[in-house]
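>>> Just the structure for this:
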Amino acid sequence: MDPKKKTVRNPVQDRSIARKESIIDAAYRLVKRNGYNETGIRDIVEEAGVSIGTFYAYYKDKNDIALEIVRKYSEEFYGNLAAETIGLLPENADLTRIILEILTRMRKSALKNKKLHKEFAILSLSDQALASAVKKIERERIGTEVFKLLQYFGKGRKLRSEPSALLVAQRAMDDIITYMVLQGFDIPDEKILEETALMIGRYLEIS
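Take a look at the predicted model:
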């Protein structure tokens, strides 16, 4: 029987959960190192130390595990934005300064994983299923981080907090960072980040 035709399962026992996590971790390491297109299923199972049948017990194909890789990257990319920004700045910090700090950290994370960031940006444009999953994962992660930031920095401020406004701000920030990593600007990055922070700060703050 073709392993690809088997119904994938969700592990419930500790051993099975650990095995699935080892596959995800192996895939993530390989994709970060070699790129998504250069990473095959056989590469993943060899890195994880499992059989190809074990891979197909949990995933239908490489695109299936790509969603796990995107989620893991999203956690790494956005995961500490709120905590690190809160740890650095006081509650009454200027809004533009807060946004600049977040943008600076986003840029640092994107440049640290430039190849992966670039590949997923391109894949999101060419694969609609993956694009939808990326958007969903980004919304989940950004929603979590924005909630923490608003709780800490929102006291005593009048800020736009409706989902549509936060989505516009997030997309503007993410798109600037992605373009910066993929294409680059003729103007120094620091100046672009400062102008972006000023623009978004004015957009979000209600006078």
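>>> quick one: which helix or strand includes Asp64?
Using DSSP states H and E, Asp64 sits in helix 62-78.
>>> What are the boundaries of the strands in this protein?
Ranges of strands in the chain, per DSSP state E: none exist.
>>> picking that back up, just give me how far the helix holding Asp64 sits from the chain centre.
Centre-to-centre, helix 62-78 and its host chain are 7 Å apart (CA atoms, centre = their mean, to the nearest Å).
>>> now Ser161, nearest residue through space, not along the chain?
Residue nearest to Ser161 in three dimensions, not counting chain neighbours: Leu150, with 6.2 Å by CB to CB, 6 or more residues apart in numbering. Heads up, the C-betas are built off the backbone N, CA and C, glycines and all.
>>> The one you found contacts Glu162, doesn't it?
No - between Leu150 and Glu162 there is no contact under CB atoms under 8 Å: 11.8 Å.
>>> Could you check which of those two has the larger neighbour count?
Set Leu150 next to Glu162 and count neighbours by other CB atoms under 10 Å: Leu150 wins out with 15 against 8.
>>> per-residue pLDDT, that one?
Leu150 is assigned 84 on the pLDDT scale.
>>> how near is it to Arg97?
According to CB to CB, to the nearest Å, Leu150 and Arg97 sit 16 Å apart.
>>> what does Met199 give?
Counting by CB to CB, the gap from Met199 to Arg97 is 14 Å.
>>> center of the chain, which residue is that?
The centroid of the chain falls nearest to Ser74 when counting by CA atoms, centre = their mean (2.2 Å).
>>> ok, now which ones touch it?
Val134, Ile137, Glu138, Arg141 (CB atoms under 8 Å, 6 or more residues apart in numbering).
>>> can you tell me which residues contact the nearest residue to the first one once chain neighbours are set aside?
Among residues not flanking Val134 along the chain, Ser124 sits closest, at 5.0 Å (CB to CB, 6+ apart). Ser124 sits next to Leu130, Ala131, Val134 when contact means CB under 8 Å, 6+ apart.
>>> Is there a quick ChimeraX command that grabs whichever of those residues are buried?
Per 16 or more other CB atoms under 10 Å, the buried members of the contacts of Ser124 correspond to this ChimeraX selection:
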select :130,134
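>>> for the contacts of Ser124, which one is nearest Pro90?
Closest approach to Pro90 among the contacts of Ser124 (CB to CB): Val134, at 33.8 Å.
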